[in-house]
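Participant: sequence? don't have it. structure:
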């Protein structure tokens, strides 16, 4: 058991080094494909606000369509003056290593979300989340992160700041609580049991007709 924290620490350092993120910097990750529903404009507006107040903040975007060749995205980043603080990661096959390298994982979606898996994945990695109140985001996060109104960049930036002010230890404690919530509510054994109960109820209802 004692080797696990060291393993995570080494992974975090490796990924931060790969992405040129200073170890002491506040780092936020948006894992979302480039799509209007994900509202990257909202994220960038919030990132600009946070960067103005927290100059050491660093940001990364990951997902399909997130690459320097995306001219619309590159122009939006330049317009917000964030070129030196944002990394475009594209699609990554190693998200289980990427998540723990960040202090906060966020979603800025405006609409269309169902059950955003990235929130559960990040929480399972012990990373607290800030997300807009779209789809099941609030139900997933519960009391283990922050949920804000969609399409309001100031609210999103303020949500990030609420986690930043509790410091590294506070975020680590909240991340541990988030992981426990995912294990308790969304672990595969629990989900299988829920589906089994659902199918039993459906079968019973048909027999009772």
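Facilitator: Thanks, I have the structure now. All values derive from a computational prediction rather than experimental measurement. Numbers count the residues shown, from 1 in each chain.

Participant: Would you mind measuring from residue 57 to residue 125?
Facilitator: Distance, residue 57 to residue 125, by C-beta to C-beta, to the nearest Å: 20 Å. Where C-beta positions appear, they are placed from N, C-alpha and C, glycine not excepted.

Participant: same thing with residue 92?
Facilitator: Distance from residue 92 to residue 125, by C-beta to C-beta: 13 Å.

Participant: okay, those two: which has more neighbours?
Facilitator: residue 125 (21 against 15; other C-beta atoms under 10 Å).

Participant: any idea of the pLDDT on that one?
Facilitator: pLDDT for residue 125: 95.

Participant: let's have the chain start at 568 instead
Facilitator: With 568 as the first residue, the last one maps to residue 692.

Participant: what's near enough to touch it?
Facilitator: The contact partners of residue 692, by C-beta atoms under 8 Å, 6 or more residues apart in numbering, come to 663, 666, 667, 742, 746.

Participant: give me the number of residues near the second one?
Facilitator: If I follow you right, that is residue 666. Residue 666, neighbours per other C-beta under 10 Å, totals 24.

Participant: my hunch is that it is in a strand, does that hold up?
Facilitator: No. Counting by DSSP: H, G, I helix; E, B strand; the rest coil, residue 666 is not part of a strand but helix.

Participant: So the residue lying closest to it once chain neighbours are set aside versus residue 746, what's the distance?
Facilitator: Using C-beta to C-beta, 6 or more residues apart in numbering and skipping residues adjacent in sequence, the residue nearest residue 666 is residue 692, 4.0 Å away. Noted for residue 692: a distance of 7 Å to residue 746, by C-beta to C-beta.

Participant: ok, now residue 602?
Facilitator: 28 Å.

Participant: can you check residue 735 too?
Facilitator: 16 Å.

Participant: More neighbours: which of these two?
Facilitator: residue 746 (18 against 11).

Participant: Could you check which helix or strand contains the more buried one?
Facilitator: helix 734-753 (DSSP states H and E).

Participant: Now do that helix: which elements does it pack against?
Facilitator: Helix 734-753 makes packing contacts with helix 684-691, helix 720-731 when contacts are defined by 3 or more C-beta pairs under 8 Å, 6 or more residues apart in numbering; DSSP states H and E.

Participant: which strands and helices sit next to the last one?
Facilitator: In this structure, helix 720-731 makes packing contacts with helix 607-620, strand 671-674, strand 696-699, strand 713-715, helix 734-753, judged by 3+ C-beta pairs under 8 Å, 6+ apart.

Participant: Let me have the helices and strands packed on helix 734-753 in JSON lines, adding mean neighbour count and distance to residue 640 as columns.
Facilitator: JSON lines is the format used below for the helices and strands packed on helix 734-753 (neighbours: other C-beta atoms under 10 Å; distance: least, C-beta to C-beta, whole Å):
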{"stretch": "helix 684-691", "mean neighbour count": "22", "distance to residue 640": "18"}
{"stretch": "helix 720-731", "mean neighbour count": "20", "distance to residue 640": "16"}
